[in-house]
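Q: no sequence for this one, just the structure:
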Ligand SMILES: [Zn+2]
């Protein structure tokens, strides 16, 4: 059984791969797990011996198929627990990450599969990130765009956050933005990338900082239903 710190390393490397880094450097891993380069090197050597990492001196590391499966399993537990905490225990989405960091290390596959079934095989965690299925693959891969890059004057809906830090989620709360919030970008300012947006069909346009727009995933919303008010039969009304 891998220890929790081994698991954290695997997860950190998986995250860096997901961010598009093919071979991951020791320094970037050390930063991610908040450890020193020296102890990170020692850990990476250990993971290599177990066959979870492909380690090429001076070129960084890469998860092997076996290592990737292990990392996806951890991610699966983490995201399922977050779903459970929000859906079943009534936590807010900015309260669950730290708790899930601990729960993800409970390794029983039977428990994880039952939790998954209990929750109805959810596709996304409360932050909009995809949950891997028992086969270690994501159930859902869909086209989503960063709000910062989304087209203007089109109905968008918030489907995820890039940065799940509690402080960012709380800031979104202040702005009145959560998963499912509808946004229309009406203008994009070339100077700094800030946006004029209309939130949930509000009458007022609001200015959104680039730091927020770069951290929100959006998808095109289904066309809003056209509500036709029936004409009254009674001319006196
Ligand atoms: Zn989390």
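A: Done, it's in. These figures come from a predicted structure and were not determined experimentally.

Q: Which parts of this structure are helices?
A: 4-18, 26-33, 37-49, 65-87, 97-103, 109-118, 166-175, 210-213 (DSSP state H).

Q: so where's this structure shaky on pLDDT?
A: Applying pLDDT under 70 to the chain flags residues 1-2, 139-143, 221-237.

Q: domains in it, as residue ranges please.
A: 4-63, 73-140, 145-220 (automatic domain parsing).

Q: would you list the ones you listed in a markdown table and tack on mean neighbour count?
A: (C-beta placed from N, C-alpha, C; glycine too.) Below are the domains of the chain laid out as a markdown table (neighbours: other C-beta atoms under 10 Å):
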| stretch | mean neighbour count |
| --- | --- |
| domain 4-63 | 16 |
| domain 73-140 | 17 |
| domain 145-220 | 16 |
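
Q: Just put the helices of the chain in a markdown table and tack on distance to residue 56.
A: Formatted as a markdown table, these follow (distance: least, C-beta to C-beta, whole Å):
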| stretch | distance to residue 56 |
| --- | --- |
| helix 4-18 | 14 |
| helix 26-33 | 12 |
| helix 37-49 | 10 |
| helix 65-87 | 14 |
| helix 97-103 | 30 |
| helix 109-118 | 32 |
| helix 166-175 | 35 |
| helix 210-213 | 36 |
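
Q: And the spatially most central residue of the chain, its phi and psi?
A: When C-alpha atoms, centre = their mean is applied to the chain, the residue found nearest the centroid is residue 129 (3.4 Å). With angles defined as degrees, to the nearest 10, residue 129 sits at phi -80, psi 140.

Q: how close does it sit to residue 148?
A: Residue 129 is 18 Å from residue 148, where distance means C-beta to C-beta, to the nearest Å.

Q: For residue 9, which residues are in contact?
A: Taking C-beta atoms under 8 Å, 6 or more residues apart in numbering, we find residue 9 in contact with 29, 33, 40, 43, 44, 47.

Q: show me what contacts the first one?
A: Translated: residue 29. Residue 29 neighbours (C-beta under 8 Å, 6+ apart): 9, 12, 13, 16, 40, 44, 61.

Q: Let's see that with 7 Å instead.
A: Residue 29 makes contact with 9, 12, 13, 40 under the criterion C-beta atoms under 7 Å, 6 or more residues apart in numbering.

Q: Hmm, the third one is touching residue 23, no?
A: No. With contacts counted by C-beta atoms under 7 Å, residue 13 stays clear of residue 23, the gap being 10.2 Å.

Q: tell me, what's touching the two both at once?
A: Joint contacts of residue 13 and residue 23 (C-beta under 7 Å, 6+ apart) are residue 61.

Q: quick check, nearest of the contacts of residue 29 to residue 165?
A: residue 12 (15.6 Å; C-beta to C-beta).

Q: rewinding a little: farthest-apart pair in the contacts of residue 9, please.
A: Counting by C-beta to C-beta, the most remote pair of the contacts of residue 9 is 33 and 47, 12.0 Å apart.
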